[in-house]
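> Pasting the sequence and the predicted model now:
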Amino acid sequence: MNKNTLGILGLFILIFGFTWVSNENFINGYNMTNLVKWSSLYAIMGIGVAFVIITGGIDLSIGSVIGLIASLLALAVKNQWNPTLTVVLLLGLSLVIGLMHGLLITKVKLQPFVVTLCGLLFYRGISRWLTDNQTMQYPGTEGLDSFFSGKVYSFFSGKMLLVDLLAPLGVGMMVVGCIGVFVTFVILLIANFRKSIGWGIASLLLDIPLLVFCILNYREVKKPFLLHLWSGALVLLGFIFAAVGTTGEKFGLASPFFFLLVVAVVAAFFLNRTIWGRYLLALGNNEEGARYSGIQTDRLKITAYVICSFLAGLSGLLFAYELDSVQPAQTGEFYELYAIAAAVLGGCSLRGGQGAILGVIIAAAVIRLLRNSINLVGVSTHLEFAIIGLVILGGVTADEIIKRIVAKRRTAQVKAAKG
Amino acid sequence: MPDARLLLKATAIGKQFPGVRALHNVDLTLNQGEVLSLVGENGAGKSTMMKILAGVHTSDQGTIELDGKPVDIKSVREAQKHGIALIHQELNLSENLDIAANIFLGNEPQKFGIIDRKRIYEESAKYLKRVGLDFPTDTLVAELTIGHQQLVEISKALSVDARIIIMDEPTSSLSQKESENLFEVIRDLKSQGIAIIYISHRLGEVMELSDRVAVLRDGENVGELAGDDITHDGMVKLMVGRDLSQFYKRAAITPGEVVLELDRLRTPAHPKDEISFSVRGGEIVGIAGLVGAGRTELLQTIFGVTPAVGGTIKLDGKELLPSTSLEAIEAGVVLAPEDRKRHGLVLQMSFRENSSLARLRMDQKLGMIDFKSEIDLAEETIKKLNVKTPHTEQVVQYLSGGNQQKVVLGKWLAMNPRLLLLDEPTRGIDIGSKQEIYKLMEDMAARGVAVMFVSSEMEEVLGMADRALVMHEGAITGELSPEQLTEEAIMQLATGNKAAA
Amino acid sequence: MIKKLTIIAAATVVFAVGCGKTSDGDDATGGGTKHKIAYVTNGIDPFWDLCAAGVRQAESELGGVECEIHFPPKGLADQKSILETLLAKGIAGIAVSPIDADGQTQFLNEVAGQTKMITHDADAPNSNRLVYIGTDNYKAGRALGQLVKEAIPDGGEVAIFVGRLEQLNARQRRQGVIDELLDRPSQVLGKIEFDEVAKVFKGEKYTVVDTRTDNFVMDAAKSNAEDAITKYPNLACMVGLFAYNPPRCLQAIKEAGKLGQIKVCGFDEDDALLQAIKDGNAYGTISQQPWKYGYQSVRVLKAILDDDNSLIPANKFIDVGYKTVTAKNIDEFWNEKREMAALGAKKD
């Protein structure tokens, strides 16, 4: 899992660097503010669907749930409902939607694809019917906030100015990262010399032979090697932070980022540290096997669909506030595909049983970064989809090939061990 | 058979897989109309050797001669052209097609590019007759039992004029009766001049069938036995390189209190049959019977995966009618299922994660995994069960069958069960691990646990069970005490003959 | 339950009447009863509600016609089945906005063979439609270019935002804007040469730096605007060709803190844009006055059914024109739009 996430981070840094070189404005605070904001919005959806994909299922209704929740929010605002109550009710509704999906899939034993495909059509239709398919717009471009209290506005789409903190933070990350790189370099070098002096001398001069050595002896040097790479990534990220911090343009973190932060921490904890997360992974790999081990698979699957729809509902609210306008027929359309793409690119297998939250977040950022990059580099607007499709395909292919090589090596090792 | 004509001669075959030497200097000869058995522990190279002969793999070294002429077998199709057919352990039939279509699949006789259906049905009928399968040729394969499907596979081999038929563990999922039927067919084929290479872990069968036995160990020839020299002990000695005369010996025991008590229990698979019996602590009870007799279903009902439709189950005197496996597990009932890969393990997860899968719930702190006790458990399991894995993080998919079964058992032993249910505990497991698993069952019994196992291997029931229950078509047809426990008695009951018991 | 029964009964009656009508259809158009005509859009959109308002307005003002309005919910197939149903009912006249003019020509000819058919908003030039009621989008585009010139008289960089360039009207508008800003000679509708997408157009004072499409995805519309602000620090004016584009541009400008610094000119009459014009944050917009489409469609169809072909010009194109809206006439225009929106939102 770690390796996979590192790979997608590598892809991110690659595109990031390329775009930066192509257009110096890319790094300015305003653009970074936007990039973080959109990436966060996509990542929240992606994390939701990741849970469903981990169970071996799929949720195609995400975009329509977003549309429904956004439309209902707009309707409620129009009818001057209590804003806090509305938000609570709508999040409750998205939980109920997920529960229905889960029950239909586990108890009635319908296929997830079918259930959520019907959901896709149903919620979209309901949104359009409830709103008479009217675009919901509000006097003044401030949008919904004039109907809600200012507090809610600052809660949902207000921005915090962090520009002063950013540069020192970046420098700090670079320092820590450099120390990490150096220490792990020494550790790896020692391991290298132990294996062969020639390798060691070669690695002493250049980092590349060292990396090759590490990949070849992955199992033995796993920990320091990953730490080495992560430290390298930290240096690069710190460099980016410092660069953004010193452009002088104002950089802010939009509230979707803080939502993502909470969602991501909770999701990662749930998946990796709790027994339910472990059970979820187990049932995704082998549902029958999990059932025979006393795991209540149905309940867990329902939970996954509830999480997915809840996060879709939350995204619906965030998108509505972000765009200040809701089109019942269009808001959220096809977002499920971006969410699924983020989840898959981030290391979730559609066969189930695999997933890493950090990977999904970085993958969502890659997808948004690509769009930003296409606009800034000045590629024809018509090529946008083609490029996004190609990059995702490339990423997933590379991942699959690496996995296969690892599996082959492992089988060979086991066979060799057996003699 | 001194005057038999030499059909196939393989000399100094070698095969290297990345990092592994699978075969080294293996010689093999086969005469016309002969049954040659190939035995050896798992990983000894039997399957690789056969795959080379059948064109699935190509050899790195060595020569193969057919009828005295060297041949180069590069693909399955070429092997078939030379008259070599391999019948895999997992059958390769399309269940949604009928018998005739399966026999001619990929080899359909055509008239002007259109499949000649008439000929397919006429010819298949001939082949079915040769293997003694009495079914209309338009029967769907899905409707056949595994044993009959096997015969369809053999018919398929005959349809391409195979002179050498290789069978890889053909009886692993057959009942005793089906196996015997298969042996009949094999003898019949032999009399028609067809040579058979037979791979099996079941040495009883090998003794019964073979003219000659070739033994492989670690990818090399270790010896050959012919005629009267083919004995159980002789083969085992060659296979493991050590003397195993102590193979099955279960000492007499004094059972404890009643642990499990079934009273008129009815399973969903056989809702009309009522099952009543009890098992005491420290006892090992074998459940014998033919495949499809309802043995697996009985275990699954006690374990809660297919809830009972009537009757009662008592565990240590307390009523327990589990509707989920979780209820059974919490009460102390565990099951090592027949299909390990599907039901027993999460193949893509690590050894550690599999070992703790059931135990996790008990060691949690507010839902959080206790990683330390998880690792401790995994390391303890490796030590206690002598699991051969490089480390606790190994993905269990890559472990051997025997070690995988140990993972399943380790997972349940961590739960300190009261009743240990095992379904075909040693299927597809090499002899070394088999013994360890028997030892484990005995250890559990010695600790007062009630052990109940289902097995289609007669020797296993005879050797391991303190007492045997025999099932036939969903009902228990008899119970055999140690004194009554003979192969013949089991067969009588398993075929529904109650009077004999 | 009663409601359901009523629907079934009503459906049966409609079916029976429809069968009767097709057998003696001549009767319906000849008598002194009202002409039954249908107004078919290419989808569901607030724009079409404004058009519907025009239909209703004409229906009550002109008299002698009874109009039904159809919004095909999802594309070509829906539009086709609606048209087929209308024919089966024996409708006297149809005004339709074809979704795919070339692909539908044959089918549209079938429709035209059985009833009086005109096109509105989008044309099907190769079909037998009696007349096309629409806007010269190229001219409108030039007018928009003119607005941009007024907004930034000193010149500067201009970026264009649009939903989809596959649509003819979008291409015509864009070309109009570019030609006007580069002071090229006027082109004739129908023979316009379109410039490629990925190209910078440098004129004497004005430079069109980019055209970005969003495929009607709202967050893409907004992020396109954001990215343009990032990429072109000296951007002087943003031009949104579809109704939702200008509001997204305004949002992005506001968040970048560049309100007033970057001007916005748009198309259509989105409330957010009108508000911005009123507040001085946007310069102006070109409105097609959708209600005029509806009104003209009914007026022309009624005349045709009354055997009066004088309204049909030789080139079979009726240009309903456009209206330039700036701070000067914003209040007057907005009031008119509000009235129309209220009328259009009324459901029968």
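Perfect, I can see it now. Numbering: from 1, shown residues only, chains lettered A, B, ... in the order given.

> Just the element for the residue of the stretch 151-300 of chain A found nearest chain B, please.
Residue nearest to chain B within the stretch 151-300 of chain A: A:Gly294 (4.0 Å; CB to the nearest CB). All C-beta spots, glycine's among them, are computed from the backbone N, C-alpha and C. If you go by DSSP states H and E, A:Gly294 is not part of any helix or strand.

> Touching, it and B:Leu326? I think so.
Yes. Between A:Gly294 and B:Leu326 there is a contact under CB atoms under 8 Å: 4.3 Å.

> who has more neighbours, the two?
Neighbour count, other CB atoms under 10 Å in any protein chain shown: between A:Gly294 and B:Leu326, A:Gly294 has more, with 23 against 17.

> and that one, what does it touch?
B:324-326, B:328-330, B:358, B:361 (CB atoms under 8 Å, 6 or more residues apart in numbering or on different chains).

> Name the member of the residues you listed with the most neighbours.
Neighbour counts for those, by other CB under 10 Å, peak at B:Ala328, which reaches 27 neighbours.

> where do the strands sit along the stretch 201-350 of chain B?
Assigned by DSSP state E, counting those that start in this stretch, the stretch 201-350 of chain B shows strands spanning B:212-217, B:220-226, B:258-266, B:275-280, B:284-289, B:310-315, B:318-319, B:333-336.

> Ok, which of these comes nearest chain A?
For the strands of the stretch 201-350 of chain B, the distance to chain A is smallest for strand B:333-336, at 6.9 Å, taking CB to the nearest CB.

> Remind me which helix or strand the one residue in the stretch 1-150 of chain C that gets nearest to chain B belongs to.
Relative to chain B, the nearest point of the stretch 1-150 of chain C is C:Ala77 (34.5 Å; CB to the nearest CB). Applying DSSP H and E as the criterion places C:Ala77 in helix C:75-89.

> Show me what that helix packs onto, helices and strands only.
Here helix C:75-89 touches helix C:2-23, strand C:35-40, strand C:93-96, helix C:101-114, going by 3 or more CB pairs under 8 Å, 6 or more residues apart in numbering or on different chains; DSSP states H and E.

> Find the closest residue to chain C in the stretch 51-200 of chain A.
In the stretch 51-200 of chain A, the residue that lies nearest chain C is A:Asn133 (4.6 Å; CB to the nearest CB).

> Do I have it right that that residue meets A:Gln330?
No. A:Asn133 lies out of contact with A:Gln330 (CB under 8 Å); the separation is 10.0 Å.

> Stretch C:52-72 - what's its average pLDDT?
The average pLDDT within stretch C:52-72 is 90.

> what does stretch B:22-42 give?
Mean pLDDT, computed over stretch B:22-42, is 87.

> Now do the end-to-end distance for stretch C:238-256.
Stretch C:238-256 has an end-to-end distance of 14 Å (CA to CA, to the nearest Å).

> Next, the buried residues of that stretch.
C:238-253, C:255-256 (16 or more other CB atoms under 10 Å in any protein chain shown).

> From those, which land in strands?
C:238-240 (DSSP state E).

> The residue lying closest to A:Val406 once chain neighbours are set aside: neighbour count?
Closest residue to A:Val406 apart from its sequence neighbours, by CB to CB, 6 or more residues apart in numbering or on different chains: A:Tyr218 at 7.8 Å. A:Tyr218: 14 surrounding residues under other CB under 10 Å.

> Check the one 3 residues further on too.
Using other CB under 10 Å, the number of residues around A:Val221 comes to 22.

> try B:Ala251
There are 7 residues near B:Ala251, going by other CB under 10 Å.

> ok, back up a step: filter the buried residues of stretch C:238-256 down to just the ones in helices.
C:245-253, C:255 (DSSP state H).

> need the contact list for residue 42.
With no chain named, the answer covers chain A. Counted by CB under 8 Å, 6+ apart, A:Tyr42 has contacts A:338-339, A:342, A:364-365, A:367-368.

> wait, chain C
C:72, C:79, C:97-99, C:121-122.

> What are the phi and psi values at the residue nearest to A:Thr106 when sequence neighbours are not counted?
Among residues not flanking A:Thr106 along the chain, A:Asp298 sits closest, at 4.0 Å (CB to CB, 6+ apart). The phi/psi pair for A:Asp298 (degrees, to the nearest 10) reads phi -60, psi -50.

> Test my guess that A:Asp298 contacts A:Lys107.
Yes. The criterion here is CB under 8 Å, and A:Asp298 meets it with A:Lys107 at 7.1 Å.

> So between the two, which is more surrounded?
More neighbours surround A:Asp298 than the other of A:Asp298 and A:Lys107, with 17 against 10 (other CB under 10 Å).

> What separation do you get for that one and A:Ser61?
Using CB to CB, to the nearest Å, A:Asp298 is found at 20 Å from A:Ser61.

> With C:Ala272 instead?
In this view, C:Ala272 and A:Ser61 are 29 Å apart by CB to CB.

> who's more crowded, the two?
A:Ser61 (29 against 25).

> Tell me which residues touch that one, please.
Taking CB under 8 Å, 6+ apart, we find A:Ser61 in contact with A:97, A:101, A:116-117, A:119-120, A:123, A:309, A:312, A:336.

> Kindly state the pLDDT recorded for it?
So A:Ser61 comes in at 96 (pLDDT).

> for the closest residue in space to it that isn't next to it in sequence, helix, strand, or coil?
Excluding its sequence neighbours, the residue lying closest to A:Ser61 (CB to CB, 6+ apart) is A:Gly119, at 3.3 Å. Following DSSP: H, G, I helix; E, B strand; the rest coil, the label given to A:Gly119 is helix.

> Tell me the confidence at A:Gly119?
95.

> How about C:Arg171?
Here the pLDDT value assigned to C:Arg171 is 90.

> Next, count neighbours for the residue in chain B that chain C sits nearest to.
At 34.5 Å from chain C, B:Asn96 is the closest residue in chain B, using CB to the nearest CB. By the other CB under 10 Å criterion, the neighbourhood of B:Asn96 contains 10 residues.

> Could I get the contacting residues of A:Glu287?
Counted by CB under 8 Å, 6+ apart, A:Glu287 has contacts A:56, A:297.

> ah, wrong one, I meant A:Val265
A:Val265 neighbours (CB under 8 Å, 6+ apart): none.

> Within the helices and strands, which one has it?
helix A:255-273.

> quick one on the thing from earlier: which among the ones in helices among the buried residues of stretch C:238-256 gets closest to chain B?
C:Glu255 (40.9 Å).

> Just the CA atoms of whichever strand or helix holds B:Leu409, as CSV, please.
Using DSSP H and E, B:Leu409 sits within helix B:401-413. Presented in CSV, the C-alpha positions along helix B:401-413 are these (Å, rounded to 0.1, in the frame of the first residue of the first chain):
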residue,chain,number,x,y,z
GLY,B,401,-1.7,-26.3,0.9
GLY,B,402,-0.4,-27.8,4.1
ASN,B,403,0.7,-24.5,5.5
GLN,B,404,-2.5,-22.9,4.4
GLN,B,405,-4.5,-25.5,6.3
LYS,B,406,-2.3,-24.7,9.4
VAL,B,407,-3.2,-21.0,9.0
VAL,B,408,-6.9,-22.0,9.1
LEU,B,409,-6.3,-24.2,12.2
GLY,B,410,-4.2,-21.6,13.9
LYS,B,411,-6.9,-19.0,13.4
TRP,B,412,-9.3,-21.3,15.3
LEU,B,413,-7.0,-22.6,17.9
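
> ok, and does the helix or strand just after that helix reach over to chain A?
Next in sequence after helix B:401-413, counting helices and strands by DSSP H and E, comes strand B:419-423. No. On the criterion CB under 8 Å from any CB of the partner chain, strand B:419-423 is out of touch with chain A, staying 10.7 Å away.
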